[in-house]
Every structure is written in C-alpha cells, then in structure tokens.
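Novice: Predicted model, plus sequence, below.
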Amino acid sequence: METIEYNLSELIAKPFWKVHYDINHHLHTHYWLAGGRGSTKSSFASMEVVHGIINNPECHAVVLRKVASSLKTSVYEQIRWAIEHMHLSHAFDFRTSPPQITYKETGQKIMFLGVDNPVKIKSLKTSFGYVGYVFYEETDQFGGMEEIRNVNQSLLRGGHDYVVLYAYNPPASRDNWVNKEILIEEEDKYISHTDYRSIPKEWLGEKFFYEAEKLKNRNELMYRHEYLGEVTGTGGDVFTNVEEITLSDDDIRSFEYKYYGLDFGFSIDPLAFVACSYDKKHETLYIYDEIYQVQLANRKAYQMIIPKLHNQSATIFADSAEPKSISELKGYGLNIYPVKKGADSVDYGISWLQRLEKIYIDKRRCPNTYIACIGYEYERNKYGEYISNYPDKNNHAIDGIRYACSNIMRRPIDIKSRKSGIF
C-alpha cells in the first residue's frame, strides 16, 4: 500500500482545528460551516472530504450544489485544488464527464451531483462500502431543510459513521431558512462560524485585506455581512442600495462612460433595454433610460434604441440566448454583441450590483427598471422562508443592467489559478 503523508493541521486555518478534531473523533454528524468571504470554510470542507476518504476505506463522498450545471467549474475544481494542495494528485484519478474523482488505492469515489436532478441521487449506488461524507456547498441556495433531509435520507444509508458538511455565507435576512436552522439546537449538530480576520494574511493576500477595509469604511453594514458573515437584515429584498434620483439632460450628457444592455422578449416577456453610467471612483451606478415593451419586433426595437445611444457606434451587450436577433440587429447597424455567460453569471452579476455603494435610478425616465429593482426579492420555499436563489421572473430590466455592466464587473480569479486556494 502506498504511503500517504500530509499534515492537515498545517493546511487548514487554526479556527478549524477544533472542528477537525470533532470530526476525527465522530462526535457529531452535521457540521454547519458559516463564514464570511475569505473564511476558508470551503477550503477546509474540501480537504476534510479528501482526508476522510483516505482514512476511511469503506467510505465514498458526494459533493452537492443546488444546480448541476455549476459542478465542473466550482466544487469539482475545488476538491481537485484540495488534493493538489495536500500534494496527493498522484493518488487520484480525475474524470470530468461525469465529474468524478477516484482514490486509486481502493477505488473510493468522490461524486458530484446537483439537487435539481433528484433521480440521480435516489438511484446512486456504490460497488462497495457506503456514502460516508456529504458536502453541501453554498447551502443557503438549497430549497430548505426538507429538501436537504430528503437528500440525506437517500445518501446516508448502509453505514455507521457519517460526516455531513454544510458550507455557506449567512444570508443577510434573518428570515432565510438557513439562518433559522442554525438556531435549532440538536445533539448531532455542530456549528462553526469563522471570518477572514483569523486567517493568515499571506493566505489571502494584502489586496484582500485592503478591499475588506475599504468596504468597512464605506459601508460597515455591508462589510459585516459580506466579510464577517453576520446576519444584518430582516427582509428579503435583493437590492438594498437602490435610490431614486432625478437626472437632467445636462446630468446625462456629463456622464463620462455610458453602458447599454438588452434582454430580449416578445409575446409575453418584454424586451428590456437599459442605459446606465458607472462611476468607478465612488462605485455608483446611474440608470437613466430604458425601453420596456412586449410585441416589439427587432426592426422597431432598432429604431427605438438608436436615439438613446450617445453615438451610433456605442457597444450594446445582449442576451446570448438570442443569436438570431443579435445578428438581425447587427445587420440594421447596431454595434451589438452577446454577453459571455457562465454557470454562476447571474449570481455573480447580482452580487456585484449589491456591493455597489448606490444604484441610482431616475424612475421618471426608467419606471419599469425602478419597479423591478425595488420589488425584486429572494425566492421563498413552500413554508414562506427565504432561500438564497433569485427568481427568474420580473427580472428582465435587471438582466439588462447585468448585461450592460458585464464588461466592467471585476471577475473573480479562476479557481485553477489560485495560489492559496482560499474560497
């Protein structure tokens, strides 16, 4: 048998030493790992899964996201990073279709599943042993404890000791189901809460601490939520930074940079065109014009959009799901391009908008965009509890804003390129 050597205590942050001890001694089953940005909770959970596989030869692991489409670019790469960080790449086989990682010595598997396909979870079979490790990433995005209990009932069977890890950033709303869940005391539940302040600075880098301090000085409430992982609100509003403003024609002409986004629609859903300006220095967005209309043919849309551009060669970013419409509008003379999308592009785009100091909207000029933003709430489960998902309805103007800003959003570092591997 091949010798496997690593010191996990040197690879995980000090706040997780107690959690690791608890897991190693099978003192609890359910480990809720709450924390703000840079708390390394997901890094810890990933290495704990790998460690558990190596030290429990009968156990397999399942890593879960709410939506299967995000598995390859998120948790699969995350676990792969953990294996590389532990200098164990030689001991594992990696397969991406379907995403699966196998421990060569024993044939134990780390499998990756989305809860949007419950059939795969219920029908999951292993050739030997049992699923002893389950890792829920972005737990707050799941539909509530009933959904999670159903998944656990399908996975946690045929064994004796189990470890279930739930990693998440606490949502701002106290009414979110996950914030309610951790208030319920149970003998088999362990709750951990960490933040970046207890993480070695060299792991995160000076830039991380600079950005945290900048947000703290600018918006302490947002800092406490985003970086410290505190629950800071009571409602389900997605955007708490929207403010009404009255803009004159001179104000609009004075904007140095202008951006345009287009979300297509026709029979039921409206076509939504949004014009905005971004002030990078003050991290504020000004939304000053819109088109919001159903039954709008592309030719007519072109005629309505042209007068709203600061010049006819201005770039417009549009929904990539409509290549035919983009081609037609380009043929009419618009400088229009499909926006690049990824598995988490909606979440990232909305998160970027939430972090702005202000989103100013002239509701006289943009009534539909204003209504969409102030009325946009997180989804609720069947019990009326908020979950950290964004409803795909009444969000056409919001999509237009995301597309308009797609080129100025600071994209996160690709997981593969992270030297520290901190998530």
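Specialist: Arrived safely, thanks for sending.

Novice: I'd guess S127 is in a strand, am I close?
Specialist: No - per DSSP: H, G, I helix; E, B strand; the rest coil, S127 lies outside any strand segment and is coil.

Novice: Give me the spatial nearest neighbour of it, chain neighbours excluded.
Specialist: Nearest residue to S127, sequence neighbours excluded (Cβ to Cβ, 6 or more residues apart in numbering): G107, at 7.3 Å. (C-beta placed from N, C-alpha, C; glycine too.)

Novice: so where's this structure uncertain?
Specialist: The chain contains residues with pLDDT under 70 at 1-3, 234, 410-423.

Novice: Centre-most residue in it?
Specialist: In the chain, the centroid-proximal residue (Cα atoms, centre = their mean) is D347; its distance is 4.8 Å.

Novice: and it, that one's in a helix?
Specialist: Yes - counting by three-state DSSP, D347 is located in a helix.

Novice: quick one, what contacts K363?
Specialist: By Cβ atoms under 8 Å, 6 or more residues apart in numbering, the contact list for K363 reads E244, Y370, I371.

Novice: Please report how far the first one lies from C373.
Specialist: So that's E244. Distance, E244 to C373, using Cβ to Cβ, to the nearest Å: 10 Å.

Novice: shared neighbours of those two, which are they?
Specialist: I361.

Novice: Surely Y168 and F142 touch.
Specialist: No - at 9.1 Å, Y168 does not count as touching F142 under the criterion of Cβ atoms under 8 Å.

Novice: Does S325 lie in a helix or a strand, and which?
Specialist: Using DSSP states H and E, S325 falls within helix 323-332.

Novice: Once you drop chain neighbours, what's closest to H193?
Specialist: Nearest non-adjacent residue to H193 (Cβ to Cβ, 6+ apart): A34, at 4.6 Å.

Novice: same thing with L285?
Specialist: That would be I359: by Cβ to Cβ, 6+ apart, it lies 4.9 Å from L285.

Novice: Just the CA atoms of the strand or helix carrying the one you found, as PDB, please.
Specialist: Using DSSP H and E, the element containing I359 is strand 358-361. The C-alpha trace of strand 358-361 is given here as PDB (Å, rounded to 0.1, in the frame of the first residue of the first chain):
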ATOM      1  CA  LYS A 358     -25.600  53.100  -4.700                       C
ATOM      2  CA  ILE A 359     -27.700  52.200  -7.700                       C
ATOM      3  CA  TYR A 360     -29.400  55.500  -8.600                       C
ATOM      4  CA  ILE A 361     -32.400  55.200 -10.900                       C
END
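
Novice: Okay, now the sheet partners of it, with direction.
Specialist: Note on strand 358-361: by DSSP bridges, its sheet partners are strand 242-244 (parallel), strand 284-293 (parallel).

Novice: on that earlier part again, show me what contacts the residue nearest to L285?
Specialist: The contact partners of I359, taken as Cβ under 8 Å, 6+ apart, are F239, N241, V242, E243, T284, L285, I287, L353, C373.

Novice: From L353, how far off is the nearest residue in space to D116 that is not next to it in sequence?
Specialist: The shortest distance from D116 to any residue other than its chain neighbours is 5.3 Å, reached at V67 (Cβ to Cβ, 6+ apart). Separation of V67 from L353 (Cβ to Cβ): 20 Å.

Novice: and the longest helix seen in the chain, what other elements does it pack with?
Specialist: If you go by DSSP state H, the chain has its longest helix at helix 41-55. In this structure, helix 41-55 makes packing contacts with helix 8-11, helix 17-24, strand 30-35, strand 59-65, helix 75-85, strand 109-114, strand 130-136, strand 163-168, judged by 3 or more Cβ pairs under 8 Å, 6 or more residues apart in numbering; DSSP states H and E.

Novice: next one: that helix to chain centre, how far?
Specialist: How far helix 41-55 lies from its chain's middle: 21 Å, per Cα atoms, centre = their mean, to the nearest Å.

Novice: same deal with stretch 314-326?
Specialist: Counting by Cα atoms, centre = their mean, stretch 314-326 is centred 24 Å from the centre of its parent chain.

Novice: which parts of it are buried?
Specialist: A314, I316, F317, A318, D319, E322, S325, I326 (16 or more other Cβ atoms under 10 Å).

Novice: any idea which of those residues is closest to E379?
Specialist: Taking Cβ to Cβ as the measure, E379 lies nearest D319 of those, at 21.2 Å.

Novice: Would you mind confirming that the closest one is in contact with D399?
Specialist: Yes - with contact defined as Cβ under 8 Å, D319 reaches D399; the gap is 6.8 Å.

Novice: what's the overlap in contacts for these two?
Specialist: Counting by Cβ under 8 Å, 6+ apart, the shared contacts of D319 and D399 are D263.

Novice: returning to that earlier point: so the residue nearest to S127 sits right up against I101, yeah?
Specialist: No - using Cβ under 8 Å, G107 makes no contact with I101, being 11.7 Å away.

Novice: Looking at these two, which is more packed in?
Specialist: Just comparing G107 and I101: by other Cβ atoms under 10 Å the higher neighbour count belongs to I101, 23 against 14.

Novice: helix or strand right after the helix holding S325?
Specialist: Defined by DSSP H and E, the subsequent element after helix 323-332 is strand 335-338.

Novice: ok, that next one: who's next to it in the sheet?
Specialist: strand 315-318 (parallel).

Novice: Touching the partner strand from outside, list them.
Specialist: If you take Cβ under 8 Å, 6+ apart as the criterion, strand 315-318 is touched by 259-264, 305, 309, 325-326, 329, 334-339, 403-404, 406-407.

Novice: hmm, 6 Å instead?
Specialist: Y260, G261, L262, I326, N335, I336, Y337, V339, Y403, S406 (Cβ atoms under 6 Å, 6 or more residues apart in numbering).

Novice: Neighbour count for E244 and C373, which is higher?
Specialist: Set E244 next to C373 and count neighbours by other Cβ under 10 Å: C373 wins out with 23 against 11.

Novice: Q295: what secondary structure?
Specialist: Classified using three-state DSSP, Q295 is coil.

Novice: cool, and V151?
Specialist: Assigned with three-state DSSP, V151 falls in the helix class.
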